[in-house]
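Q: Have a look at this prediction, sequence included:
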Amino acid sequence: MTKDICPLSEYEKQLTERLRTEAEDVKQCFTNFSFKALAFTAAILGVIVHYQKDNPYVALTTIPVAFLLVAVSRIGTHKFATANRNFGYELHLFRTRHISDSSSNGWQAFMREIGWEEAMRAWRIVHATIFCHTYVFNFFLPNILRKEHWGVKERWFEPPSLREQGSYYWAGSYLRIMLGLLHTLAVISIIPMYVASHQFRMEGEADLERLFAFLSLCLLLFVVSRVTKDIVRRRILESGMLSIHSCAISWQAVVVAHYRALQRIVDDKQRGFHNYTKYLSLEAIDLSKHVLSIPGRIM
C-alpha cells in the first residue's frame, strides 16, 4: 500500500458529489413516505375506533392500510440498497487510490477510468450473480446465507465477522427504527378485523364471523411474512453483502470483471462489445465460485 498512488480525477470528484446527492435523496424519499404512511394509518385507525362499534364493516379499511405499510417498508429497503450502492462506489474510489497495480490479472489503476453507466451495466450482472451464489434467493427463504458458508468464521462481506473480540460494529439504527414503526402499525392494523369477527359472533352472524376471522388470519400471515423478509434484508443492508463496506469490495470486483470481459473480446479477435454480456457473465460465474476469496482474487 502506497499513499495516494492515484488521486481522484475531476470526473470522479463530480461523480462522487452526484452519487452522494442521489443517496441522500433516496433516503429522504423513504423518510417522507414513512411519515406520511404513519400519519395516514393513525388517522384511519382513529376513524375505525370511532365507528366500528356501530358498523363492524369499517374494519375492512385496514386491509389496504396493512398493504400500504408493508409496501412502504419494502420501498425503504430498496432505497437504502441504492444509497449503500452509491456510498460503496465512493468508498471504492477512495480505497483504490492507495492500491498498487496487481502483478497478476487483478486490479490496475487504469480501471478507474470506467464510466458510471458502464460500471452499472456490469454491476447488474456481476453483483447479482455473486449475491445469488451467497444467499438463498427464492420466495420461501429470501436472502438467507447459503449453508456452505455457515462454518466460515471470517466472511469479507460481513464486517462484524472481521472484527477482533472486544471491539464492536455499529451500522446505525435509523432503518431499524423506521421499519420497526411501520411493522408494528401493520400488525396493529389487523386487530380491527379480529374485533369485527368477534362482533359478528356476538350478533349471531356465523358466516360473517368466519369470513372476518379468515381475512384477519390471511392478513396476519401476509404481514408476518413481509416483516420477516424485511428484517432479513435490513440485516444484509447493515452488515451483509449490501452494506457500504461490502459494496465497495463488490464494486472493485465488478470493475475488474468488466475489464477482463473486454480483454476476452480482444483475445477472441472480436470487435466492439461483441459477446460482452457473455464474457462478463463468465467472469461473474468464476467469481461466484470463489465468493469467500473474492478480495484476494481482485487485488
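A: Structure's in. What do you need?
Q: give the contact list for Ile285.
A: Thr129 (CB atoms under 8 Å, 6 or more residues apart in numbering). Any C-beta I mention is one placed from the backbone N, CA and C, and that applies to glycine too.
Q: hang on, it in a helix?
A: Yes: counting by DSSP: H, G, I helix; E, B strand; the rest coil, Ile285 is located in a helix.
Q: Report pLDDT for it.
A: Predicted confidence (pLDDT) for Ile285: 97.
Q: cool, and the one 5 residues further on?
A: Looking at His290, its pLDDT is 93.
Q: Now for the chain: which helix has the highest residue count?
A: Ranked by residue count, the top helix of the chain under DSSP state H comes out as helix 10-51.
Q: That one packs against which elements?
A: With contacts defined as 3 or more CB pairs under 8 Å, 6 or more residues apart in numbering; DSSP states H and E, the packing partners of helix 10-51 are helix 62-95, helix 174-188.
Q: Out of the ones you listed, which one sits most buried?
A: Highest mean neighbour count of the helices and strands packed on helix 10-51: helix 62-95, a mean of 20 (counted as mean count of other CB atoms under 10 Å).
Q: got the buried residues for whatever helix or strand comes next after it?
A: Sequence order places helix 116-134 as the next helix or strand after helix 62-95, per DSSP states H and E. Using 16 or more other CB atoms under 10 Å as the test for burial, helix 116-134 gives Ala119, Arg121, Ala122, Trp123, Ile125, Val126, His127, Thr129, Ile130, Phe131, His133, Thr134.
Q: Need the residues that contact helix 116-134.
A: 15, 19, 85, 89, 137, 145-146, 149, 157, 241-242, 250-251, 253-255, 257-258, 261, 277, 280-281, 283-285, 287-289, 291, 294.
Q: How far does it sit from its chain's centre?
A: Relative to the chain's own centre, helix 116-134 is displaced by 13 Å; criterion: CA atoms, centre = their mean, to the nearest Å.
Q: now that helix against helix 62-95, angle please.
A: Relative orientation of helix 116-134 versus helix 62-95 (axes from the mean of the first three to the mean of the last three CA atoms, to 10 degrees): 110 degrees.
Q: strands paired with the very next helix or strand once past helix 116-134, and their directions?
A: Per DSSP H and E, the first helix or strand lying C-terminal to helix 116-134 is strand 135-136. Applying DSSP bridges, strand 135-136 is found paired with strand 144-145 (antiparallel).
Q: I'd like the distance from the strand it pairs with to the chain centre, please.
A: Centre to centre, stretch against its chain (CA atoms, centre = their mean), the figure for strand 144-145 is 13 Å.
Q: quick one: the longest helix of the chain to helix 62-95, angle?
A: Going by the same axes, to 10 degrees, helix 10-51 makes 160 degrees with helix 62-95.
Q: Helix 10-51 to helix 174-188, inter-axis angle?
A: 20 degrees.
Q: looking only at pLDDT, what's the mean for helix 10-51?
A: Averaging pLDDT along helix 10-51 gives 96.
Q: Find the centremost residue of this structure, please.
A: Nearest to the geometric centre of the chain sits Ala81, at 4.0 Å (CA atoms, centre = their mean).
Q: So that one is in contact with Leu242, correct?
A: Yes: if you go by CB atoms under 8 Å, Ala81 and Leu242 touch, sitting 5.4 Å apart.
Q: about what we covered before: for the helices and strands packed on helix 10-51, which one sits closest to Phe273?
A: helix 62-95 (21.9 Å; CB to CB).
Q: ok, Cys6 touching Thr96?
A: Yes: at 6.8 Å, Cys6 counts as touching Thr96 under the criterion of CB under 8 Å.
Q: quick one on the thing from earlier: could you save the helices and strands packed on helix 10-51 as JSON lines and add columns showing mean pLDDT and distance to Val227?
A: Formatted as JSON lines, the helices and strands packed on helix 10-51 follow (pLDDT from 0 to 100; distance: least, CB to CB, whole Å):
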{"stretch": "helix 62-95", "mean pLDDT": "97", "distance to Val227": "8"}
{"stretch": "helix 174-188", "mean pLDDT": "97", "distance to Val227": "5"}
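Q: nearest to Ser216, of these?
A: Nearest of those (CB to CB): helix 62-95, 8.9 Å.
Q: number of nearby residues for the nearest residue to Arg85 once chain neighbours are set aside?
A: Counting by CB to CB, 6 or more residues apart in numbering, the nearest residue to Arg85 once its immediate chain neighbours are dropped is Cys247, at 5.4 Å. By the measure other CB atoms under 10 Å, the count of residues near Cys247 is 27.
Q: Now do the buried residues in the helix or strand containing Cys247.
A: If you go by DSSP H and E, Cys247 is part of helix 244-267. For helix 244-267, a neighbour-count test (16+ other CB under 10 Å) marks 244-261, 264-265 as buried.
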